[in-house]
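[1] sequence first, then the predicted structure:
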Amino acid sequence: MPSGARRYSTDQLDAFVGLRTAPATRRAAVYARVSSAKQKAEGNLDRQHKRLLAEVGRRGLVLAMDVAEVASGVNENRRGLARLLKAAANGRFDVLLVEHQDRLARFGYRYLVAAFAASGVEVEVVEDDPGRKEPTAELVDDLLAIVMVFAARIYGKRASVVRSKVKAALAQEAAEAAA
C-alpha cells in the first residue's frame, strides 16, 4: 500500500501459518448396491460400480474406498454400509458417491446422510441408472426379501426345536438299548 501497510488475503495467511499449503485432493468412497443375486447376475452391480469409478476419475477425486454389495436396501445389517460408516468416522474419505439415493438406503436416507456429515463426509448422488428397475419393482423385491428373512427366522426356530427333540429321542433310545 502507498502508506507502507501490507494487505494479505486469508489464503495467504493460512498458507503462511501452515493451515493450508495447497488445495487438498478430496478422497472418495464409492458405494454400489443391488438388491438381489439375480440383479448381480444380470450385470447391474458391475455396471453401477464402473459408472461410479468413472465418476471418481471425472471429478478428479482420489479413490479411498470401494464397496459393492448385494443386499436389500431396507436391511440394517449390511456389511459394506457398516464398513463405510466406520471408515467415515475414522476420517478415511471426504465424499461418498452413490448412483442414486435408494442405493444407499430405501428408508432413512436422510439419517445416513446426517451420520456421514457428522463425520465430515458429504454424500453425493451421481445419477440415475437408465437400466435400473422401476422404484416400485425394486421396493416389491425388498419387501419380499423382508418377508423371506422373517419366514426363515420363524421356520429356523421351529426346525431347531424339532432337531433337539429328535436328538433327545435318539439319545433315549440308545440309552434304553444299552440297558
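    Noted; the coordinates are in hand. Everything quoted here is computed from the prediction, not taken from an experiment.

[2] any regions of the protein where pLDDT drops low?
    1, 10-11, 13-24, 128-133, 135, 149, 156-157, 159 (pLDDT under 70).

[3] what about the strands in it?
    Residue ranges of the strands in the chain, as given by DSSP state E, are 27-34, 62-70, 95-98, 122-125.

[4] figure out which of the ones you listed is closest to residue 138.
    strand 27-34 (9.0 Å; CB to CB). To be clear about C-beta, it is placed using only N, CA and C from the backbone, and glycine gets the same treatment.

[5] quick check: angle from the closest one to strand 62-70?
    10 degrees (axes from the mean of the first three to the mean of the last three CA atoms, to 10 degrees).

[6] may I have the strands that pair with strand 27-34, each with its orientation?
    Looking at strand 27-34 with DSSP bridges, its partner strands are strand 62-70 (parallel), strand 95-98 (parallel).

[7] please identify the most buried of the ones you listed.
    strand 95-98 (a mean of 22; mean count of other CB atoms under 10 Å).

[8] these two touch, right, residue 116 and residue 124?
    No - counting by CB atoms under 8 Å, residue 116 stays clear of residue 124, with 10.4 Å between them.

[9] what residues are shared contacts of the two?
    residue 96 (CB atoms under 8 Å, 6 or more residues apart in numbering).

[10] ok, now which ones touch the residue nearest in space to the middle of the chain?
    Taking CA atoms, centre = their mean, the centroid of the chain lies closest to residue 81, which sits 3.0 Å from it. Neighbouring residues of residue 81 by CB under 8 Å, 6+ apart: 31, 67, 69, 71, 104-105, 112.

[11] for residue 38, state which of these is nearest.
    Out of the contacts of residue 81, the member with the shortest distance to residue 38 (by CB to CB) is residue 71, at 13.5 Å.

[12] can you tell me the closest non-neighbouring residue to the closest one?
    Nearest non-adjacent residue to residue 71, counting by CB to CB, 6 or more residues apart in numbering: residue 78, 4.5 Å away.

[13] the helices in this protein, which residues?
    Using DSSP state H, the helices found in the chain span residues 10-17, 37-41, 44-58, 79-89, 101-104, 109-118, 135-178.

[14] could those go into TSV alongside distance to residue 25?
    TSV is the format used below for the helices of the chain (distance: least, CB to CB, whole Å):
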stretch	distance to residue 25
helix 10-17	17
helix 37-41	32
helix 44-58	11
helix 79-89	17
helix 101-104	24
helix 109-118	19
helix 135-178	34
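
[15] mean neighbour count, those helices: which tops it?
    helix 101-104 (a mean of 20).

[16] hmm, who's touching that one?
    Contacts for helix 101-104 (CB under 8 Å, 6+ apart): 31-33, 48, 73, 81, 96, 98, 109, 112, 123, 125, 135, 138.
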